[in-house]
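Undergrad: Coordinates for the following, if possible.
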Amino acid sequence: MADTPAPPASNWATLMVATCNLMNLANPGRPFYPQQDPYSAREFERKLDWLGERVQTLNADVLAVQEVWDEAALKGAVHRSGLRYDFIAAPGAENHDGHSGAQGTPRVGLVSRLKVEQLDSIPHFPAACVVQVPGLGPHTRFERPLLSARLRHKQGQVLQVIVTHLKSKRPKFLQDEFGHPLEDSDDPAVQTVASLRSLLMRAAEAAALRHVVIEHLHRTSLPLVVLGDFNDSPHSVTTQLIAATAEVAWDRAARDVALFNAWEVQGEAALRRDVAYSHIYQGYPEVLDQVLVSEEFLAASRFSVGDVRRVEVFNDHLHEGRDRTRSDHGFVRALLRLRLPHNGAT
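TA: Residues are numbered from 1 along each chain as shown. Reported below is the predicted structural model:
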């Protein structure tokens, strides 16, 4: 009997990416925000178990995570999943060599099966993006530094990933160094200025992130994925500062420095839900957690090296009641494809 010929090799490699706001992942007994109690040992174990189950369900090749106070806790949660990841890091939240985790604000992190060839934490704005915030002075840096990584797929493809967590919409009231209020948060006029502070800070962070995106897209031809908690909707001014997708409608040449929401460019065969939201604020569903991709992931682009197959939002737990051992954000997962490099070239 003649040998059956082997099926032709696929011209594509798949890549699953996901973003997860872990909601104050901190070691037990360790204070994080001044007005919040630390986790008890029991709470901490429940949180790790819950997160481990979610990481296992997502089964992503690349996880972008937010709100990590202790890198050791992140590693514990990933370990509970039973999945193997060769790289787990949350720069600024380390728990060794004298470091006792993040201070002031939590950090973003990266969990990856792909080889990490370069990892950079980006705390500072370019000078052009510095703004004056009423009562606070110049806003010069990200509250939670960006994390930029160059990753190599086992099939040889290289891509850039940027993890972000922008300033929230929550009003920024003035406090002393111990977290005690310096102004009346019940005064409507004070509330207005506090909300303005948050908006200015988030807008400046969005503009600074845009500068990082432009610099990458001008400097390299590597496909880019920007994902995380944007703390605003896909078509908000701040998100569009980062993506500049609207500019493409007026100038097709702008596609080479634009970013595209993965949900909106996923393949026609994808099973879309009528409603996809990742956070509920005062009873209103919002899309805060997003995956943005560069033109290289647009199937119709002449520069395409891949596409977006489908995007899913895991948000059932948002209706299970408030419990700080779970997350108050849904998790977003995108299945991407990358074309195999020719003759091993990248």
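
Undergrad: elements contacting the helix or strand in which Arg150 is found?
TA: Using DSSP states H and E, Arg150 sits in strand 141-152. Packed against strand 141-152 by the contact rule (3 or more Cβ pairs under 8 Å, 6 or more residues apart in numbering; DSSP states H and E) you find strand 62-68, strand 107-112, strand 115-124, strand 158-165, helix 188-219. (C-beta placed from N, C-alpha, C; glycine too.)

Undergrad: Recalculate using a threshold of 6 Å.
TA: Counting contacts by 3 or more Cβ pairs under 6 Å, 6 or more residues apart in numbering; DSSP states H and E, strand 141-152 is packed against strand 107-112, strand 115-124, strand 158-165.

Undergrad: Can you name the next helix or strand after the longest strand seen in the chain?
TA: When the chain is parsed with DSSP state E, its longest strand is strand 12-25. Next along the chain after strand 12-25, taking DSSP H and E as the criterion, comes helix 41-58.

Undergrad: So Ala13 versus Val213, what's the distance?
TA: To Val213, Ala13 is 24 Å away according to Cβ to Cβ, to the nearest Å.

Undergrad: what about the two, which has more around it?
TA: Neighbour totals were compared for Ala13 and Val213, and Val213 leads with 22 against 18 (other Cβ atoms under 10 Å).

Undergrad: Please report how far that one lies from Leu336.
TA: From Val213 to Leu336 the distance is 18 Å (Cβ to Cβ).

Undergrad: How about Glu53?
TA: 24 Å.

Undergrad: And for Ala102?
TA: Distance from Ala102 to Leu336, by Cβ to Cβ: 30 Å.

Undergrad: try Leu51
TA: Leu51 is 23 Å from Leu336, by Cβ to Cβ.

Undergrad: again with Leu25
TA: 26 Å.

Undergrad: Check whether Val257 really touches Leu217, as I assumed.
TA: Yes - applying Cβ atoms under 6 Å as the test, Val257 and Leu217 come out as touching, 5.0 Å apart.

Undergrad: Just want to know which of the two has more residues nearby.
TA: Leu217 (20 against 17).

Undergrad: ok, now which ones touch the nearest residue to Met16 once chain neighbours are set aside?
TA: Nearest non-adjacent residue to Met16, counting by Cβ to Cβ, 6 or more residues apart in numbering: Ala60, 4.5 Å away. Taking Cβ atoms under 6 Å, 6 or more residues apart in numbering, we find Ala60 in contact with Met16, Val17, Ala18.

Undergrad: do that again at 10 Å, thanks
TA: Neighbour list for Ala60: 15-20, 83, 85, 111-113, 331, 333-335 [criterion: Cβ atoms under 10 Å, 6 or more residues apart in numbering].

Undergrad: Can you get me a residue count around Pro145?
TA: Neighbour number of Pro145 under other Cβ under 10 Å is 20.

Undergrad: cool, and Val305?
TA: Around Val305 there are 19 residues (other Cβ under 10 Å).

Undergrad: Could you list the low-pLDDT ranges of this structure?
TA: For the chain, the stretches with pLDDT under 70 are 1-10, 248-254, 268-275, 281-283, 342-346.

Undergrad: Kindly recompute the last result at 50.
TA: 1-2, 6-8, 344-346 (pLDDT under 50).

Undergrad: follow-up on the earlier one: neighbour count winner among Leu25 and Leu336?
TA: Higher neighbour count among Leu25 and Leu336: Leu25, with 30 against 26, using other Cβ under 10 Å.

Undergrad: Find the residue at the geometric middle of this protein.
TA: The chain has Gly228 as the residue nearest its centroid, 1.5 Å off, counting by Cα atoms, centre = their mean.

Undergrad: looking at this, that one is in a helix?
TA: No - if the criterion is DSSP: H, G, I helix; E, B strand; the rest coil, then Gly228 is strand and not within a helix.

Undergrad: what's the spacing between it and Ala243?
TA: Relative to Ala243, and taking Cβ to Cβ, Gly228 is found at 13 Å.
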